[in-house]
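no sequence on this one, just coordinates:
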């Protein structure tokens, strides 16, 4: 059995400083780069004859390697050996190296500027209509080793001095500012420039970054260099790099970044540690963004905002992503997890803090309400599976590390942090974070360190936070709280909730329980910490209804007893429940219980009945959750063959709110109404509402008629960017090939990546087999579709049963090519995830057999989760098919 220690490097030699020089000539046809390296190391033992570190896809000749002890002299390497499986290189010497300091020199090595969107890779772009390539790095989690031989583990921190040789027309960017006097012409080649960067602070290899290409940029300064006298002071230079001619689209991100950096300096009471911060739009990027210290890289659509053509939803997304990566400059970069087991210390915290910042910047967006749908509920969904994993999970090889960059590490992590912050009070919690960051800055930490320093900084009893939080991070899943009324209050019990209805683990969590008691005089709150499997909560005042887990502040769901549930339902009907989050949670918790079939009285019938209480609902987040849950029921409707009846039902429940909102925005309406309109109107059209389809096609025609530009298709302002994605899909579904061909033209003509993404998703809306085949073929045509966007056409196609089945067949047929292109990336996980839409045992068997016969590195856990989801769907369908059919007016089989 492989243990974590087996995959960690030996600690007999450790790096102190890397001096790396890269020759990134992006116009080369063979897509290689040259490197030169000097690593200042400390030899810990007197018997060391071999230095071992990480290396992958790099060629090194022993004649180019030598070791220079601090005392003088030089020891040439006798051999260089590679372990491809472990991604290691060993430099062997004839005699033992002197104990103490020295320099390992690799005078020359050759690497690949690959097209895998990891390590040191190439990204295609255009300048003045000419196709070019930029050089980009993506090192997290374990790909710095593809750029330079290094100790590629988060705990092995070192300083870096970097030099890049690049074509003179291109800009080189790294973590630190350029040294004064640079860039300077190369002495031997007038077409090249040398860029040398200042020494970095001590940091992990995965945070090192290089970008070489042609950009324009805009810049500003942020008060974030220091924290003195209770406020952020001192200037930090911030730049946003965009494609040539696109700096107008960088203004929003620059403004958000500047304000976020000041906010985080204030919140953490620690100045931003570097002299500058660059945010760079990258054309090809496997994830959303990467927090490289001082050199943050973004997928273009996650950074650039076109004020006339970007939807409000995507504008919010850009703000959230920018804030997330900047939060990492403290959580992750300044203080780093000791090993990938504690990845959540990076991602969970950034996924919580991002909302703090964006809420301050844009209070009208009500992002903490959105947190429930965007983070809390998705985490509950995945974590209800027996194939989920704890927040802290032992990981060993690189593919296992990649697997935990998932909903649990990010969103469950953020949700339990939010729970703890709400339980302690945000200010007490903040003081604990400040103490933690100060204690471990420029070092590494574990989860237990965080708990200890929150106790110290918050002046809390010793081990109180450890006791409260250990099971939340160390155990998979979460509890369902069963609530019954008693004469003097409530009887509550907890048990591990499993969406399949199977028995869970015997875990007992310490649960902060917040209760809203409604009465004629208003509402009052009870706070209670539940520590046992069963508990009682006393209530002295009279109440008409009780809402448990007020504000969805804690990470659990509620199963109300029949009597208390009827009171809750009535409170919704008579509009007593003022909190949109509470209204959201009541129906969402019931849907979870229905899916699991927790008892004979809990079926889909109860969910449909509860929805009648929401007939006057007008809040965006409540509707967003209801529609997400109805989408789960639509999966069963498709499998059962009553799609038409389900569509009629959806039109029926959507018509009142769609009529109220209309197509046109109203003066002074909240931002959330704009987002609700953008969701409801296209959706009712997608289900076939005739008047909506008619208006959508009219707007599409007006938009397409605006093609008045040769270089770029901009359309007209008649079609709001909030509607475009939905209207494009309606057009393809209604008109087939003619609309499809028009969208192809839009895709080729526009340079706005957000518009391209809308089109790629819309291609899949057709149920015509020839168009589905065409869509799937375009997904794999990397001359048409960027490799980073490979999933969008497929995600667009799986919304129908025919599209889902054809997509799955396409994936199986093309698996060897998919593996060749995407092995070692998150794409395999995303691909596997589409199978969770199946709801029949035969499909589960097919999926299981395929993945048993075909390797899927990095997606092993996701496949198991999908199989569990299919099984759960199949059981749910068998149990509730008649109830669903009756509710939507269909004839069940």
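Thanks, I have it. Here the structure is a predicted model, which means the values were calculated and not measured. Numbers count the residues shown, from 1 in each chain.

give the contact list for residue 148.
Applying CB atoms under 8 Å, 6 or more residues apart in numbering, one finds that residue 148 lies in contact with 18, 20, 22, 35, 37, 58, 109, 111. All C-beta atoms are positioned from the backbone trio N, CA, C, and that covers glycine.

mind checking the SS state of it?
The three-state label given to residue 148 by DSSP: H, G, I helix; E, B strand; the rest coil is coil.

that one and residue 183, how far apart?
Look at residue 148 and residue 183: by CB to CB, to the nearest Å, they are 21 Å apart.

coming back round to it: which ChimeraX command selects the buried ones in the contacts of residue 148?
The ChimeraX command for the buried members of the contacts of residue 148 (criterion: 16 or more other CB atoms under 10 Å) is given here:
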select :18,20,22,35,37,58,109,111
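
so which of the contacts of residue 148 belong to helices?
Counted as lying in helices by DSSP state H, out of the contacts of residue 148, is not a single one.

and the contacts of residue 148 as TSV, adding pLDDT?
Compiled in TSV, the contacts of residue 148 are given as follows (pLDDT from 0 to 100):
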residue	pLDDT
18	98
20	98
22	97
35	97
37	98
58	97
109	97
111	96
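
dump the contacts of residue 148 to TSV, plus distance to residue 426.
Conversion of the contacts of residue 148 to TSV gives the following (distance: CB to CB, whole Å):
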residue	distance to residue 426
18	39
20	42
22	44
35	47
37	46
58	47
109	49
111	46
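
ok, so of the contacts of residue 148, who is nearest residue 347?
Within the set of the contacts of residue 148, residue 18 lies nearest residue 347; the separation is 25.6 Å, counting by CB to CB.

quick check: closest non-adjacent residue to that closest one.
Counting by CB to CB, 6 or more residues apart in numbering, the nearest residue to residue 18 once its immediate chain neighbours are dropped is residue 160, at 4.9 Å.

which elements pack onto the helix or strand hosting that neighbour?
Element membership of residue 160 [criterion: DSSP states H and E] is strand 159-167. With contacts taken as 3 or more CB pairs under 8 Å, 6 or more residues apart in numbering; DSSP states H and E, strand 159-167 sits against strand 13-23, strand 171-174, strand 189-196, strand 210-213.

for that strand, the averaged confidence score.
Averaging the model's pLDDT scores along strand 159-167 yields 97.

ok, stretch 82-98 next?
Model confidence over stretch 82-98, given as mean pLDDT, is 95.

and for stretch 489-496?
For stretch 489-496, the mean pLDDT works out to 96.

all strands for the stretch 501-650 of the chain, in order.
Taking DSSP state E, counting those that start in this stretch to define them, one finds strands in the stretch 501-650 of the chain at 511-519, 522-530, 534-538, 545-548, 557-560.

pLDDT of the fourth one, averaged?
When you say that, I think you mean strand 545-548. Strand 545-548 comes out with an average pLDDT of 94.

quick revisit: ok, and what's touching the strand holding residue 160?
Among residues not part of strand 159-167, those counted as contacts by CB under 8 Å, 6+ apart are 16-27, 135, 172, 174-176, 186, 191-203, 208, 210, 212.

relative to it, what are the paired strands and their orientations?
strand 13-23 (parallel), strand 189-196 (antiparallel) (DSSP bridges).

please identify the deepest-packed of those strands.
Scoring these by mean neighbour count under mean count of other CB atoms under 10 Å gives strand 13-23 as the most buried, with a mean of 20.

what does that strand contact?
Defining contact as CB under 8 Å, 6+ apart, one finds that strand 13-23 is touched by 33-44, 48, 51-53, 97, 101, 120, 147-148, 150-151, 156, 158-165, 199, 210.

quick one: distance of that strand to the chain centre.
31 Å (CA atoms, centre = their mean, to the nearest Å).

wasn't residue 807 part of a helix?
Yes - counting by three-state DSSP, residue 807 is located in a helix.

so which of the strands of the stretch 501-650 of the chain comes closest to residue 126?
Taking CB to CB as the criterion, strand 557-560 is the member of the strands of the stretch 501-650 of the chain that comes nearest to residue 126, at 49.7 Å.

name the helices or strands packed onto the closest one?
Taking 3+ CB pairs under 8 Å, 6+ apart as contact, the helices and strands that strand 557-560 lies on are strand 479-486, helix 580-596.

partner strands of the first one and their direction?
Which is strand 479-486. When DSSP bridges is applied, strand 479-486 pairs with strand 489-496 (antiparallel), strand 557-560 (parallel).

can I get those in TSV including mean neighbour count and distance to residue 474?
Putting the strands paired with strand 479-486 into TSV (neighbours: other CB atoms under 10 Å; distance: least, CB to CB, whole Å) gives the following:
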stretch	mean neighbour count	distance to residue 474
strand 489-496	19	14
strand 557-560	24	20
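
drop anything exposed from the contacts of strand 13-23.
Members of the contacts of strand 13-23 that pass the buried threshold by neighbour count (16+ other CB under 10 Å) are listed as 33, 35-41, 43, 48, 51-53, 97, 120, 147-148, 150-151, 156, 158, 160-165, 210.
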